[in-house]
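Undergrad: show me how the following folds:
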Amino acid sequence: MHNTLKVGAVFILGLLMCAGIDVCKSSTARADESEPPNTLGTSTTLTGLSGLLITESPHTLAPMKIAVSLTGIILHTSTPTSFYEGAGEVAIGLPARIELAAMVPGIHYANGGTITGMGDLQLSAKWRVLDQKETQWPAIAVGVTGTLPTGKQGSPTLTYGQPGDGLRTVQDYGIAIKLMSSTEIDFSPDQYAVGLYVEGSYTFQDLNKNSQDKYGTYAVGAALPLLINPDNPLASPLQFLMEIDGTYQRGNDQDYVGITPSIRYVGRVTADVAFRYQATHDLPNEIGGIAQIGLTF
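TA: As a prediction, the model looks like this:
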């Protein structure tokens with residue numbers, strides 16, 4: 001399963017880097033570089049930054065535009081272990097193609113005992129460096145996410161925590177340096193479009209402590225329109241998303257690979273319903289679902 005998902009991730013990445021083929025045309029160029037491009041539409045991700053559901057997009061919200069959302073996550077294993085999370089996310093667009101975001105989670109975790117409370121707060125920022133240009137290069141953004149140890153301490157402890165950390169995943173801090181890219185292709189004259197997205201990050205936390213860790217993360221995704229506007233295929237409000245994400249060299253050989261198909265509606269109100277399968281090395285596989293509803297204004 002791990003190898004199959006990784007092959008799928010490499011395949012989508014290959015498609016992304018081949019975005020310059022002549023049979024495709026990118027979204028319309030704009031005079032105002034602070035405005036987001038005409039894309040398939042994005043909502044907040046699980047970190048709060050705009051994108052798909054898990055994969056962050058290089059696109060940014062327009063200046064002073066705000067997106068808020070509520071997300072519910074349910075995961076179960078055969079051990080049995082249960083994980084329930086309800087999170088609030090907010091993102092705001094700023095001038096100079098900058099976006100800021102925050103995510104505050106509440107968690108209920110059961111694994112030989114139960115613990116319920118607040119999880120770790122995440123604060124994020126990204127800067128859109130390049131827009132997609134006519135068949136020349138994809139859109140690119142850089143970003144950073146900081147994790148603060150606001151989670152409730154106690155027992156049991158989440159998979160990547162230390163004994164007694166409870167709902168904390170870091171003891172002092174965690175910092176992820178991110179690179180995001182995407183290409184959105186309008187196939188002509190077939191009146192169809194597809195968006196391809198990729199994100200990679202390097203994370204380090206709690207250096208020089210017993211909880212220190214350094215690892216990589218990746219996510220790749222595709223957005224396929226389900227409702228087609230013949231005049232602008234990229235402006236579909238109803239989309240099918242397929243995403244693959246995972247970690248590399250995290251913790252005590254505990255890397256995971258996850259696959260998340262979902263249906264998303266994007267408009268002033270956004271909604272997403274997803275199935276989640278996650279395979280973690282030497283741990284039972286997790287199966288569950290994700291639901292998100294949001295508002296952009």
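
Undergrad: test my guess that residue 164 contacts residue 155.
TA: Yes. With contacts counted by Cβ atoms under 8 Å, residue 164 reaches residue 155, the gap being 6.4 Å. For the C-beta atoms, the positions are set from N, CA and C on the backbone; glycine is no exception.

Undergrad: which parts of the stretch 151-297 of the chain are helices?
TA: Using DSSP state H, counting those that start in this stretch, no helices are assigned anywhere in the stretch 151-297 of the chain.

Undergrad: that one: strands as residue ranges?
TA: For the stretch 151-297 of the chain, the strands defined by DSSP state E, counting those that start in this stretch occupy 174-187, 192-205, 213-225, 238-248, 256-265, 269-280, 286-296.

Undergrad: now residue 72. Nearest residue, chain neighbours left out?
TA: Closest residue to residue 72 apart from its sequence neighbours, by Cβ to Cβ, 6 or more residues apart in numbering: residue 291 at 4.9 Å.

Undergrad: which residues does that neighbour bridge with?
TA: Per DSSP bridges, residues listed as beta-bridge partners of residue 291: residue 72, residue 273.

Undergrad: identify the residues contacting it.
TA: 71-72, 272-274 (Cβ atoms under 8 Å, 6 or more residues apart in numbering).

Undergrad: which one of those is nearest residue 127?
TA: Nearest to residue 127 out of the contacts of residue 291 is residue 71 (Cβ to Cβ; 24.2 Å).

Undergrad: I figured that closest one hits residue 290, correct?
TA: Yes. Counting by Cβ under 8 Å, residue 71 sits close enough to residue 290 to count as a contact (6.7 Å).

Undergrad: hang on, the earlier thing: buried among the contacts of residue 291? Need that as a selection in ChimeraX.
TA: The buried subset of those, as determined by 16 or more other Cβ atoms under 10 Å, is captured in ChimeraX by this line:
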select :71,272,274
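
Undergrad: before we move on, the earlier item: what sits in contact with each of residue 164 and residue 155?
TA: With Cβ under 8 Å, 6+ apart as the test, residue 164 and residue 155 reach no residue in common.

Undergrad: for the residue nearest to residue 222 when sequence neighbours are not counted, grab the count of nearby residues.
TA: Of all residues not flanking residue 222 in the chain, residue 242 sits nearest, at 5.1 Å (Cβ to Cβ, 6+ apart). By other Cβ atoms under 10 Å, 17 other residues sit near residue 242.

Undergrad: which residues does residue 242 bridge with?
TA: residue 222, residue 261.

Undergrad: ok, it to residue 114 distance?
TA: 33 Å (Cβ to Cβ, to the nearest Å).

Undergrad: contact partners for residue 98?
TA: Residue 98 neighbours (Cβ under 8 Å, 6+ apart): 60, 125-128.

Undergrad: got the buried residues for stretch 225-241?
TA: For stretch 225-241, a neighbour-count test (16+ other Cβ under 10 Å) marks 225, 233-236, 239, 241 as buried.

Undergrad: that stretch: how far from the chain's middle?
TA: Relative to its parent chain, stretch 225-241 has a centroid offset of 21 Å by Cα atoms, centre = their mean, to the nearest Å.

Undergrad: do stretch 65-85 as well
TA: Using Cα atoms, centre = their mean, the offset of stretch 65-85 from its chain centre is 14 Å.

Undergrad: what's the answer for stretch 127-143, then?
TA: Distance, centroid of stretch 127-143 to centroid of chain: 18 Å (Cα atoms, centre = their mean).

Undergrad: how far does it stretch from one end to the other?
TA: Stretch 127-143 stretches 6 Å from its first residue to its last (Cα to Cα, to the nearest Å).

Undergrad: go through that stretch and flag the buried ones.
TA: Of the residues in stretch 127-143, 127-128, 131-132, 137-141, 143 count as buried by neighbour count, 16+ other Cβ under 10 Å.

Undergrad: need these in JSON lines (columns: distance to residue 282).
TA: Putting the buried residues of stretch 127-143 into JSON lines (distance: Cβ to Cβ, whole Å) gives the following:
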{"residue": "127", "distance to residue 282": "38"}
{"residue": "128", "distance to residue 282": "39"}
{"residue": "131", "distance to residue 282": "43"}
{"residue": "132", "distance to residue 282": "40"}
{"residue": "137", "distance to residue 282": "40"}
{"residue": "138", "distance to residue 282": "36"}
{"residue": "139", "distance to residue 282": "37"}
{"residue": "140", "distance to residue 282": "36"}
{"residue": "141", "distance to residue 282": "34"}
{"residue": "143", "distance to residue 282": "31"}
